[in-house]
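Novice: below are the sequence and a predicted model; questions follow.
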Amino acid sequence: MEGPIEVLLHGREYKQLLESRAAVFREQYGLRKIDVEILYYLHRFGGSNTSKELRQAYKLTKGHISQSAEHLAGLGLLAFVPDEKDRRSVHFVLTAQAEEIVRSIEKMWEDMTAVVFDGITQEERRVLYEVAVKMTQNMECASDLRRNQRRQMRMNYEEKMTGYAERQKEICQKNDTISDQLYQDYGVYRGLRDQNGKGVLTGLTNISRIESFEMKDGVKTPCDGRLWYRGYPIESLVQELDEDSFGFEATAYLLLFGEKPNHQELFEFKKILAEACHLPTNFTRDVIMKAPSSDIMNSMTRSILTLASYDNRATDTELGNSLRQCIQLISTFPMLAVYGYHAYNHYEQNDSMYIHRPDHDLSTAENILLMLRADRQYTKLEAKVLDTALMLHMEHGGGNNSTFTTRVVTSSGTDTYSAIAAAMSSLKGPKHGGANIKVMEMMEDIRTNVRDFEDKDEIEHYLAKLLAGEAFDGKGLIYGMGHAVYSLSDPRERIFKKFVEMLAVEKHRQVDMALYNNIEEIAPKLIAKQRKIFKGVSPNVDFYSGFVYQMLGIPVELYTPIFAIARIVGWSAHRIEEQICMGKIIRPAYMSVMEVKEQTEK
């Protein structure tokens, strides 16, 4: 049996009494306990009305406060007013509609007080209040002490682990370094590419084809790059579309099934994509909005793996089931990306939250812009340029890192969700999918240090400093120039540039376009003169893609996810081809150069 002090400290009976009286009240107005507390707090302390002040008052997380505030705003009980001095800060203000509810809350507290203090004199109340305040202060001090102790323990642990890892990395560097000479002696190509950039042949594919060299008089000679999807030049796939047509869906059908769809087949495929474009009930709230991060690729990968939990046939690798899963992921990828960004932007950046549902009558490109923008508006050219970007990034041979990852993981017999998650982990690497971000960072640096964007001499002088490692990040690179496969030109860049120029005019960015044009002209000549180049060097598609996304108002956090929205089509096609053709786990050989050591006696 608990004594009076224990009852007072635990507040068990008080809580039960409060719950019993509040249950009917909350049900009547559709409120939760935290909603009632926030309304009452704002009524009593109207001047302290920011999320931070509420968190301090109730020791709640930012997520809890935000969810409750959105719920109350949806009921018309709360309004959000931006701070006049700091637009990132928002004040919570009760609406007139909330006054009736607040009066009911006050009445409930008055009734509660009358019950609890029945038969207690004013002097006894005063003493009890002083005791309660002191006890609260003592408990808060104890909580703060425990919290500080836990924080200090965590800091000590992290500091200890970091120090240990820093010391041990030198041992790793000593024991894991393999000399360049050994690679030459055994004929092993780092990155599975020779010094001319040609990849080691590891498989066959019927999905796409890339050419960067041709034979002339028996001599292998660099040529303008060519890219085919299922036998069709990428140029023709883009050019055959009229100005009002979008090509992502038809190209996805082509890559997945190996042939162009007729009108009826494309209509049916678009309908299937539209019907698949939804997420499980409460998935956005329970998965995407939990633990948001600026790394949207990580957020998407977590969502992909979690979607497997909602699929009754998640681990079934039968061909038809794999195809179903791939189509569903292709359809939902834009939602995973855009909603992941909105969650980060709201909970971490304190910006407004809005979730727009995709319109099943629109194209993938149109829906991305619709879901991303608060007003859901976009121009025809904006959607067309984004659609073209998606088409150009959908597929690029079986040897690129993320697609090869898809095939390697697929060959192990794993499920679709795991294979696509592995591809995502590959694509997010800065050497793969993050290239356009480095281009944008470099271009910002150039804008800062070059005064006249039309002065080619000034531009060349600064580009020379970049190559010498004397500017920007000191890596000695001009980002966006050169490609692992292409030599004289990247066909995707040649196609894309026309659309970039049209968008630059619509967005009044001709001055920036002039800078890009001058760099495109100067950089390849400068690189060829200063570096030993075994093949030609030219701008790649990443040189312009970041600029386009910037003009479209797409945040940097979504640059690589946009790439993933396109490339999942190629990953899916290669997964299906791997399942049909191979049937054998990919298991390449590694030559051991380990030195055998004698066992030392203890």
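Specialist: Arrived safely. This is a predicted model, so every value here is computed, not measured. Numbering: from 1, shown residues only.
Novice: could you check the pLDDT of Leu60?
Specialist: Leu60 carries a pLDDT score of 64 in this model.
Novice: can you check the one 5 residues further on too?
Specialist: Model confidence at Ile65, expressed as pLDDT, equals 77.
Novice: contacting residues around it?
Specialist: Contacts for Ile65 were tallied using Cβ atoms under 8 Å, 6 or more residues apart in numbering; they are Ile38, Ser51, Leu54, Arg55. All C-beta atoms are positioned from the backbone trio N, CA, C, and that covers glycine.
Novice: give me that answer again for 6 Å
Specialist: Listed by Cβ atoms under 6 Å, 6 or more residues apart in numbering, the contact set of Ile65 reads Ser51, Leu54, Arg55.
Novice: tell me where the model's unsure across this structure.
Specialist: The chain contains residues with pLDDT under 70 at 1-15, 17-18, 21, 25, 47-48, 58-63, 85-89, 196-197, 532-536, 601-602.
Novice: domain map for it?
Specialist: Annotated domains of the chain cover 4-118, 225-429+555-581, 436-550 [automatic domain parsing].
Novice: would a markdown table of these with distance to Gly203 be doable?
Specialist: Output for the domains of the chain, formatted as a markdown table (distance: least, Cβ to Cβ, whole Å):
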| stretch | distance to Gly203 |
| --- | --- |
| domain 4-118 | 46 |
| domain 225-429+555-581 | 6 |
| domain 436-550 | 15 |
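Novice: check which helix or strand the nearest residue to Tyr310 once chain neighbours are set aside maps to.
Specialist: With Cβ to Cβ, 6 or more residues apart in numbering as the criterion, Tyr310 has its nearest non-adjacent residue at 4.5 Å, and that residue is Pro280. For Pro280, there is no host helix or strand (DSSP states H and E).
Novice: how close does Pro280 sit to Met353?
Specialist: With distances taken as Cβ to Cβ, to the nearest Å, Pro280 is found 20 Å from Met353.
Novice: same check, this time on Arg226
Specialist: Look at Arg226 and Met353: by Cβ to Cβ, they are 45 Å apart.
Novice: for Glu577, same thing?
Specialist: Counting by Cβ to Cβ, the gap from Glu577 to Met353 is 41 Å.
Novice: same thing with Gln152?
Specialist: Separation of Gln152 from Met353 (Cβ to Cβ) stands at 35 Å.
Novice: ok, Val81 next?
Specialist: 16 Å.
Novice: which one of those two has more residues nearby?
Specialist: The neighbour count for Val81 versus Met353, taken as other Cβ atoms under 10 Å, is higher for Met353 (14 against 11).
Novice: now do the longest strand along the chain: which elements does it pack against?
Specialist: Among the segments of the chain that qualify as a strand by DSSP state E, the longest is strand 219-229. Applying 3 or more Cβ pairs under 6 Å, 6 or more residues apart in numbering; DSSP states H and E, one finds that strand 219-229 makes contact with strand 208-216, helix 491-506.
Novice: recalculate using a threshold of 8 Å.
Specialist: Using 3 or more Cβ pairs under 8 Å, 6 or more residues apart in numbering; DSSP states H and E, the elements in contact with strand 219-229 are strand 208-216, helix 234-239, helix 248-257, helix 491-506.
Novice: just send those back as CSV, with mean neighbour count too.
Specialist: Below are the helices and strands packed on strand 219-229 laid out as CSV (neighbours: other Cβ atoms under 10 Å):
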stretch, mean neighbour count
strand 208-216, 16
helix 234-239, 16
helix 248-257, 22
helix 491-506, 18
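Novice: what's the closest of these to His43?
Specialist: Among the helices and strands packed on strand 219-229, helix 491-506 comes nearest to His43, with 49.8 Å by Cβ to Cβ.
Novice: can you dump the C-alpha atoms of the closest one in PDB for me?
Specialist: As requested, the backbone C-alpha atoms of helix 491-506 are provided in PDB (Å, rounded to 0.1, in the frame of the first residue of the first chain):
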ATOM      1  CA  PRO A 491      25.200  12.600 -76.200                       C
ATOM      2  CA  ARG A 492      23.000  13.400 -73.200                       C
ATOM      3  CA  GLU A 493      24.700  16.700 -72.700                       C
ATOM      4  CA  ARG A 494      24.400  17.600 -76.400                       C
ATOM      5  CA  ILE A 495      20.600  16.900 -76.300                       C
ATOM      6  CA  PHE A 496      20.100  18.500 -72.900                       C
ATOM      7  CA  LYS A 497      21.800  21.800 -73.800                       C
ATOM      8  CA  LYS A 498      19.100  22.900 -76.100                       C
ATOM      9  CA  PHE A 499      16.500  22.600 -73.400                       C
ATOM     10  CA  VAL A 500      18.800  24.300 -70.800                       C
ATOM     11  CA  GLU A 501      19.200  27.300 -73.100                       C
ATOM     12  CA  MET A 502      15.400  27.600 -73.500                       C
ATOM     13  CA  LEU A 503      14.800  27.400 -69.800                       C
ATOM     14  CA  ALA A 504      17.600  30.000 -69.200                       C
ATOM     15  CA  VAL A 505      15.700  32.400 -71.400                       C
ATOM     16  CA  GLU A 506      12.400  31.800 -69.600                       C
END
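Novice: starting at the chain centroid, how far to it?
Specialist: Offset of helix 491-506 from its chain centre (Cα atoms, centre = their mean, to the nearest Å): 25 Å.
Novice: right, and the helix or strand after it?
Specialist: Per DSSP H and E, the first helix or strand lying C-terminal to helix 491-506 is helix 510-530.
Novice: hmm, who's touching that next one?
Specialist: 443, 446-447, 450, 453-454, 456, 459-460, 463-464, 467, 478, 481-482, 500-501, 504, 533, 536-539, 543-544, 547.
Novice: just the buried positions in that helix, please.
Specialist: Asp512, Met513, Leu515, Tyr516, Asn518, Ile519, Glu520, Ile522, Ala523, Pro524, Leu526, Ile527 (16 or more other Cβ atoms under 10 Å).
Novice: equivalent analysis for stretch 446-460, please.
Specialist: Neighbour-count burial for stretch 446-460 [16+ other Cβ under 10 Å]: Ile446, Val450, Phe453, Ile459, Glu460.
Novice: now do the end-to-end distance for it.
Specialist: Its start and end residues considered, stretch 446-460 measures 11 Å (Cα to Cα, to the nearest Å).
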